[in-house]
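Undergrad: Make a model of this:
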Amino acid sequence: FETIPEAPSTKPEAADGFVLRTGLRSYPAFRFDLSALPENVIVNRAVLAVVNDISLSFGPTFSVMVSEIVAETMDDPTARMDVSAISDESQVYPLSYRKNLRPKVDELIEFDITLGIQRAINLVNEEPRGFLLSGIEKKSAFPVPIPDVTGPNYYYRQLNFKGLNDPDPDNRPKLKVWYSVIDELSGVGN
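TA: Residues are numbered from 1 along each chain as shown. The predicted model follows:
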């Protein structure tokens, strides 16, 4: 691991590109401004879309989990999350996963974060949360079998994502939200 370059650790560095890697556990986190959504929306679907630079990514097929992460943990530049923090549902709440991602093949990768956006819109959490992309660290994260259920010593893999400064807007990370607007909400308790 001595020859592996450092992962971007600041927002300006990550704007040029960011990584998700197992082994050294470099896991990116995002937060979105949802104020542009109109009032009285019902979120039907929400997707976090990122573009993987297949010329730089490497490793065998693996699964990536997307989770909510508390802002306090996400915003602390000195914080280092270990496996126990990722397993702590008071800090990280698993939402969904993508299985069988191929670092040298899968370019556009979309993660279903519908539940997380619905929870944000409905103010389920007392504090704002972001979204964390990570390897799957424990078997019980999801109720279905996952082909590469892994432990703390699983094989090194890396996805290199294009950042917000990419010259092609189609390559930049984005949040896609499909929603319905209800003009008047009534019938509380019905």
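Undergrad: Count the residues that sit near residue 35.
TA: 5 (other C-beta atoms under 10 Å). The C-beta positions use only the backbone N, C-alpha and C, and glycine is treated the same way.
Undergrad: Repeat that for the one 3 residues further on.
TA: As a burial measure, the neighbour count of residue 38 was computed by other C-beta under 10 Å and equals 8.
Undergrad: Pretty sure it sits against residue 182.
TA: No - with contact defined as C-beta atoms under 8 Å, residue 38 does not reach residue 182; the gap is 10.0 Å.
Undergrad: how about the helices in this structure?
TA: Shown for the chain, the helices assigned by DSSP state H span residues 11-16, 71-75, 83-86, 114-121.
Undergrad: from the ones you listed, which stretch is densest packed?
TA: helix 114-121 (a mean of 20; mean count of other C-beta atoms under 10 Å).
Undergrad: and the closest residue to residue 127 other than its chain neighbours, what pLDDT?
TA: Among residues not flanking residue 127 along the chain, residue 71 sits closest, at 5.8 Å (C-beta to C-beta, 6 or more residues apart in numbering). For residue 71, the model assigns a pLDDT of 81.
Undergrad: ok, now which ones touch residue 71?
TA: 31, 127-130 (C-beta atoms under 8 Å, 6 or more residues apart in numbering).
Undergrad: Fine by me, we can end here.
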